[in-house]
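1. Sequence plus the predicted model coming up.
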Amino acid sequence: MSISASDVKELREITGAGMMDCKKALTESGGDMDKAVTWLREKGIASAAKRASRVASEGAVSSYIHMGGRIGVLVEINCETDFVARGEGFQEFCKDVCLQICSARPLYVRREEVPQPDIDVEMSIYKAQAAESGKPEAVQEKIAQGKLDKWFQEVCLLEQKFVKDPDKTIDDLMKELSGKTGEKLDVRRFTRFELGEGIEKKESNLAEEVAAELAKAEAKGN
């Protein structure tokens, strides 16, 4: 069904949740405003949005080593109190985020961190691809924007589908935990290491090696 912008705006004013969350809530609730509010509260999104201005300075730096030391992850995740940071739910979330970073290779935490020059390059590629469709300009713009949004979902951790449950994003997991704990949560930063990454590896060229050996043999024979 079609959800109007005015309904999304109204729900956002009621709950303080984000535009996309409000649209999803209305879609899931068949356009019913009261059910949409309930849906957001059940997901912990409405209350999490109201906590957005609070400071989260506690938390943990978690690590994960995979494949016998070939891949390593460090991530800082913040909450408001040490009590929550030591809780089982928070610790499990930290482990899941580490696993996500290891498996899905995000480049950024959120799309606001993506450098504008990188966005411009991607958008120019998608616009060129859309132009080949021969469709009207307005449609081309929507196609390009759709591809850009999909790219954000691939490179931004919070927008990635959770590897253990593709029906949820990492942001969904964080909001659910925020709703359960009553605290603001934030994935602040991460680093992913992969053994040998960035090092140019020499590949053996058998033909060149054989030719070199023959040349040496001929030189000795002469």
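-> Cool, the structure landed. This one's a predicted model, so the numbers in the text were calculated from it and none came from an experiment.
2. Only C-alpha atoms from now on, for both contacts and neighbour counts.
-> Will do.
3. Spatially central residue in the protein, please.
-> Nearest to the mean C-alpha position of the chain, by C-alpha atoms, centre = their mean, lies residue 157 at 2.0 Å.
4. quick one: contacts for it?
-> 100-101, 106-110, 170 (C-alpha atoms under 8 Å, 6 or more residues apart in numbering).
5. Ignoring the adjacent residues along the chain, who's closest to residue 106?
-> Of all residues not flanking residue 106 in the chain, residue 155 sits nearest, at 4.6 Å (C-alpha to C-alpha, 6 or more residues apart in numbering).
6. I'd like to know how many residues surround that neighbour.
-> Using other C-alpha atoms under 10 Å, residue 155 has 19 other residues around it.
7. these two touch, right, it and residue 112?
-> No - counting by C-alpha atoms under 8 Å, residue 155 sits too far from residue 112 to count as a contact (11.7 Å).
8. neighbouring contacts of the helix ranked longest in the chain?
-> For the chain, the longest helix by residue count, based on DSSP state H, is helix 137-155. Outside helix 137-155, the residues that touch it by C-alpha under 8 Å, 6+ apart are 105-108, 111, 122-123, 126-127, 129-131, 133, 159-161.
9. try stretch 170-188
-> With contact meaning C-alpha under 8 Å, 6+ apart, stretch 170-188 is reached by 41, 43-45, 47-48, 51-52, 54-56, 75-80, 84, 89-90, 93, 97, 109, 157-162.
10. tell me which residues in it are buried?
-> Residues 170-179, 181-187 are the ones in stretch 170-188 that count as buried (16 or more other C-alpha atoms under 10 Å).
11. try stretch 17-30
-> Buried, per 16+ other C-alpha under 10 Å, within stretch 17-30: 17-18, 21-26, 29.
12. Then stretch 99-110?
-> For stretch 99-110, the neighbour count (16+ other C-alpha under 10 Å) marks 99-102, 104, 106-110 as buried.
13. Rebuild those as CSV, extending it with pLDDT.
-> Formatted as CSV, the buried residues of stretch 99-110 follow (pLDDT from 0 to 100):
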residue, pLDDT
99, 96
100, 97
101, 97
102, 95
104, 96
106, 97
107, 97
108, 97
109, 97
110, 95
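14. Might one say that residue 23 is in contact with residue 6?
-> No - the pair residue 23 / residue 6 is not scored as a contact, 10.5 Å apart, by C-alpha under 8 Å.
15. Residue 89 versus residue 176, what's the distance?
-> 10 Å (C-alpha to C-alpha, to the nearest Å).
16. what's the answer for residue 62, then?
-> 14 Å.
17. Neighbour count: these two, which is higher?
-> Taking neighbours as other C-alpha under 10 Å, residue 62 and residue 89 compare with residue 62 leading, 16 against 13.
18. Tell me which stretches of the protein form strands.
-> Listed in chain order, the strands of the chain (DSSP state E) span 58-66, 71-79, 161-162, 165-169, 186-194.
19. can I get those in TSV with mean pLDDT and distance to residue 117?
-> Below are the strands of the chain laid out as TSV (pLDDT from 0 to 100; distance: least, C-alpha to C-alpha, whole Å):
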stretch	mean pLDDT	distance to residue 117
strand 58-66	94	30
strand 71-79	96	26
strand 161-162	97	25
strand 165-169	95	26
strand 186-194	95	21
